[in-house]
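>>> Have a look; sequence and predicted model below, questions after that.
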Amino acid sequence: MSKIKIAVAGVGNCFSSLWQGINYYKDKTPEEAIGLMHWEIGGYKPGDIEVVAAFDIDKRKVGKDVSEAIFSPPNCTTIFCKDIPKTGVKVQMGKVLDGFSEHMKNYPDERTFVLSDEPEPSKEDIIKSLKESGAEILLNYLPVGSEEAVRFYADCALEAGVAYINNMPVFIASDPKWAGKFEAKNIPIIGDDIKSQLGATITHRTLANLFKRRGVKLERTYQLNTGGNTDFLNMLNRHRLKSKKLSKTEAVQAVLPQPLSPENIHIGPSDYVPWQKDNKIAFIRMEGKLFGDVPMNLELRLSVEDSPNSAGVAIDSIRCCKIALERGIGGVLTSPSAYFMKHPPIQMTDDQAYKNTEEFIKGNLER
């Protein structure tokens, strides 16, 4: 099999976990491959993914080989694969735009942001780099709230003719205008806002669906999240949170028989706790009524390493994108988007999204 050639915008914790995982699994057998949803998709195994271009704007990453940059500050995710060979791919200076929040520049801990003094590339520079690298898929891992920057890279993907996986909550695949652009050029896109493998949103959705199936009326719920990585530090700037809160809230509302009123549902990042680093702690409370209108409530505490949790999903979305390219399918891949993302263009139950994605992989569903 040929390699799947990827480019990445944002060499942060999430990409660090993904690239560690690709190297971690490449020498394993299917029986040893714990933690994967799929060992093989379309004939492609984890080790068949190759990084050919990378963009970032932090001084401590720009100019370094990807294998070194993924461990550079302010990245703080768990290191589960130390022996990463050199890729021969150096991190290039990316477009700044709104790709970082000003309050992070001089923050008094190790998650502070250091803007590179390298000259900013033009749009034409990015497109040229994507084309010359041979990239087939561009992964967006920019910070929450990077509305302009996410659209900039989506436009670069369109112009370069590469597929786009939008892992962040800026609405591209779920925006009919943008989805139409990818459809018109017959370029695949998966998005928006990646679900973790077993994170707060997928757990909350599963519990909400359980309430529905068991006849329990859900009346109020919240999900409060804390963490100590740059994502949580970035989200202290509350004006960057609008699309994130909308994405997470709609992901839960979508599985309810009737949406809850805004005052009865609160889902979103809550605070930055530096010593947690890449550990994310989620607190979920659900209040409802059982048989005879008798009240009940459920409380759950979930602790996970945030970035490896998303990498297990990203590794599958990359391979689904690749088989779409091979089949000549462009536009939004609706089944993978519904299974892998919080804010897809078409929301489905997780059971239905799983079934549809399996049929897509087998070639029985076009998208």
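Arrived safely. Just so you know, these numbers come straight off a predicted model, no measurement behind them.
>>> For this protein, which helix or strand comes out least confident on mean pLDDT?
Lowest by mean pLDDT, DSSP states H and E among the helices and strands of the chain is strand 265-272, with a mean of 88.
>>> got the CA positions of it in PDB?
Extracted as PDB, the C-alpha positions of strand 265-272 are listed here (Å, rounded to 0.1, in the frame of the first residue of the first chain):
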ATOM      1  CA  ILE A 265     -28.400  22.700  30.000                       C
ATOM      2  CA  HIS A 266     -24.900  23.900  30.500                       C
ATOM      3  CA  ILE A 267     -22.000  22.300  28.600                       C
ATOM      4  CA  GLY A 268     -18.600  23.800  28.200                       C
ATOM      5  CA  PRO A 269     -15.000  24.300  29.400                       C
ATOM      6  CA  SER A 270     -15.000  25.700  32.900                       C
ATOM      7  CA  ASP A 271     -11.500  26.500  34.100                       C
ATOM      8  CA  TYR A 272      -7.700  26.200  33.700                       C
END
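>>> List the buried residues in that strand.
By 16 or more other Cβ atoms under 10 Å, the buried positions in strand 265-272 come out as Ile265, His266, Ile267, Gly268, Pro269, Ser270, Tyr272. In this view, the C-beta of every residue, glycine as well, is placed from N, C-alpha and C.
>>> What residue in the chain is the furthest from its centre?
Outermost residue of the chain with respect to the C-alpha centroid, by Cα atoms, centre = their mean, is Gly292; its distance is 41.7 Å.
>>> Kindly provide the distance from Pro74 to Met104.
Distance, Pro74 to Met104, by Cβ to Cβ, to the nearest Å: 9 Å.
>>> residues shared between the contacts of those two?
Shared contacts of Pro74 and Met104, defined by Cβ atoms under 8 Å, 6 or more residues apart in numbering, are found at Arg111, Thr112, Phe113, Thr230.
>>> Residues touching stretch 329-336, excluding its own?
173, 179, 182-183, 185-191, 316-317, 320-321, 324, 344-346, 353, 356-357, 359-360, 365-367.
>>> same thing but at 6 Å, please
Contacts to stretch 329-336, defined as Cβ atoms under 6 Å, 6 or more residues apart in numbering, come from residues 173, 179, 182-183, 186-190, 320, 324, 345-346, 356-357, 360, 365, 367.
>>> Ok, stretch 340-356 next?
Residues from elsewhere that reach stretch 340-356 (Cβ under 6 Å, 6+ apart): 173-174, 191-193, 195, 201, 247, 251, 254-255, 313, 317, 332, 334-335, 337-339, 365.
>>> what pLDDT, on average, does it get?
With pLDDT averaged residue by residue, stretch 340-356 scores 96.
>>> which residues touch Ala324?
Pro188, Leu333 are the contacts of Ala324 under Cβ under 6 Å, 6+ apart.
>>> Let's verify it: helix, strand, or coil?
Each residue gets one of three states, and Ala324 gets helix by DSSP: H, G, I helix; E, B strand; the rest coil.
>>> Tell me how far it lies from Gly199.
Using Cβ to Cβ, which is the criterion applied here, Ala324 is 25 Å from Gly199.
>>> before we move on, what about Leu158?
Per Cβ to Cβ, Leu158 is found 30 Å from Gly199.
>>> again with Ile57
Applying Cβ to Cβ, the value for Ile57 to Gly199 is 27 Å.
>>> And Ile137, by the same measure?
Remark: distance between Ile137 and Gly199 (Cβ to Cβ) = 23 Å.
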